[in-house]
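**Student:** please find the sequence and the predicted model below.
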Amino acid sequence: MSTARALVRCIEECFDCSQTCTACADACLSEAGVADLVKCVRTCWDCAEICDATGRVLSRHTGYDANLTRAMLQACVTACGSCADECEGHARMHEHCRVCAQACRRCEQACQEMISTLG
């Protein structure tokens, strides 16, 4: 995959994941057993914030700092992995968690691919 294609895919996956995590956290808060989902809500919110920030940094065309970009991508990989793990634990009972886990795994993969293009 070319660097430009990897960049576009990564930006798209970051913003999609951010939105999906926000929606999942909101859906968790409306569940009857919300007390059992507190960690999931917090993990989703953290992931959403990190994905949004990563997508915004990657979208800038005014300069490029490889060290900062790599660090942001790695943080996003970590956040997405943690969120996916948490949501997968609830996926059988909550469809929104299943969808969120899938979005997190896609974003995690896109960020890893982008890291590999940085060299």
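**Tutor:** Everything's here; your move.
**Student:** which positions within the longest helix anywhere in the chain qualify as buried?
**Tutor:** Longest helix of the chain, by residue count under DSSP state H: helix 3-29. Residues of helix 3-29 classed as buried: 6-7, 9-11, 13-18, 20-25, 27-28 (neighbour count, 16 or more other Cβ atoms under 10 Å). Glycine gets a C-beta too; all of them are placed from N, C-alpha and C.
**Student:** which stretches of this protein aren't confidently modelled?
**Tutor:** Across the chain, the ranges flagged by pLDDT under 70 are 1, 61.
**Student:** tell me which element the closest residue to residue 3 other than its chain neighbours is part of?
**Tutor:** Nearest residue to residue 3, sequence neighbours excluded (Cβ to Cβ, 6 or more residues apart in numbering): residue 117, at 4.7 Å. Element membership for residue 117 (DSSP states H and E) is helix 95-118.
**Student:** ok, now how distant is residue 40 from residue 49?
**Tutor:** 15 Å (Cβ to Cβ, to the nearest Å).
**Student:** who has more neighbours, those two?
**Tutor:** Legend: neighbour count by other Cβ atoms under 10 Å for residue 40 and residue 49, higher for residue 40 (25 against 14).
**Student:** list the contacts of residue 43.
**Tutor:** By Cβ atoms under 8 Å, 6 or more residues apart in numbering, the contact set of residue 43 is 82, 83, 86, 87.
**Student:** returning to what we had before: after the longest helix of the chain comes which helix or strand?
**Tutor:** Assignment by DSSP H and E places the next element after helix 3-29 at helix 38-59.
**Student:** can you give me the angle that next one makes with helix 95-118?
**Tutor:** 40 degrees (axes from the mean of the first three to the mean of the last three Cα atoms, to 10 degrees).
**Student:** show me which positions of helix 38-59 end up buried.
**Tutor:** For helix 38-59, the neighbour count (16+ other Cβ under 10 Å) marks 40-41, 43-45, 47-48, 50-55, 57-58 as buried.
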